[in-house]
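Colleague: sequence unknown, structure follows:
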Ligand code: NI
């Protein structure tokens, strides 16, 4: 087991009360895990600001599969970025709509570039990219 270091934090009562309410709502069992997650989140943001940071990502999008040529364009974008594309999953949501989850791996800047090309296609109704730094 990794060793832990204890730290003390001073907070205004109102801030602590709001924090406790928030972490209870989010399901944290204790403050330590919530604070660790906040720190990890901020460190992760800082890493992703550097374009060469190795990362993984899920691009999720909803689109109308009747949209002319869109499915072909999405497939072509993934095939022409094979080094970044790890996997994808297609889900038929309704008569018109499909959801696609595309897993990408690479440098943060390359992932953002491929994700933007995917999400900016005409016919994509809604989508986002969620990057996680690795290392
Ligand atoms: Ni479908």
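Modeller: Sure, I can see it. What you are looking at is a predicted structure, and each value in this text was computed from that prediction instead of being measured.
Colleague: what is the rounded mean pLDDT of stretch 43-60?
Modeller: Stretch 43-60 shows a mean pLDDT of 95.
Colleague: ugh, typo on my part, it should be stretch 123-133
Modeller: In the prediction, stretch 123-133 has an average pLDDT of 95.
Colleague: what about that stretch and the ion, touching?
Modeller: No: residues of stretch 123-133 contacting the ion under Cβ under 5 Å from the ion: none, with a closest distance of 12.7 Å. Placement of C-beta: from N, CA and C, glycine included.
Colleague: Likewise for stretch 68-82?
Modeller: No: figure legend: stretch 68-82 not in contact with the ion (Cβ under 5 Å from the ion); closest approach 8.3 Å.
Colleague: switch to numbering from 883
Modeller: Sure, I'll start counting at 883 from here, so that last one is stretch 950-964.
Colleague: And that stretch, what's buried?
Modeller: Judged by neighbour count (16 or more other Cβ atoms under 10 Å), stretch 950-964 contains these buried residues: 952, 953, 955, 956, 959, 960, 963.
Colleague: Go ahead and confirm the last one touches residue 998.
Modeller: When you say that, I think you mean residue 963. No: Residue 963 is beyond contact range of residue 998, at 11.6 Å (criterion: Cβ atoms under 8 Å).
Colleague: Next, format the buried residues of stretch 950-964 as a markdown table and append distance to residue 896.
Modeller: Shown next, in a markdown table, are the buried residues of stretch 950-964 (distance: Cβ to Cβ, whole Å):
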| residue | distance to residue 896 |
| --- | --- |
| 952 | 50 |
| 953 | 52 |
| 955 | 51 |
| 956 | 48 |
| 959 | 49 |
| 960 | 49 |
| 963 | 48 |
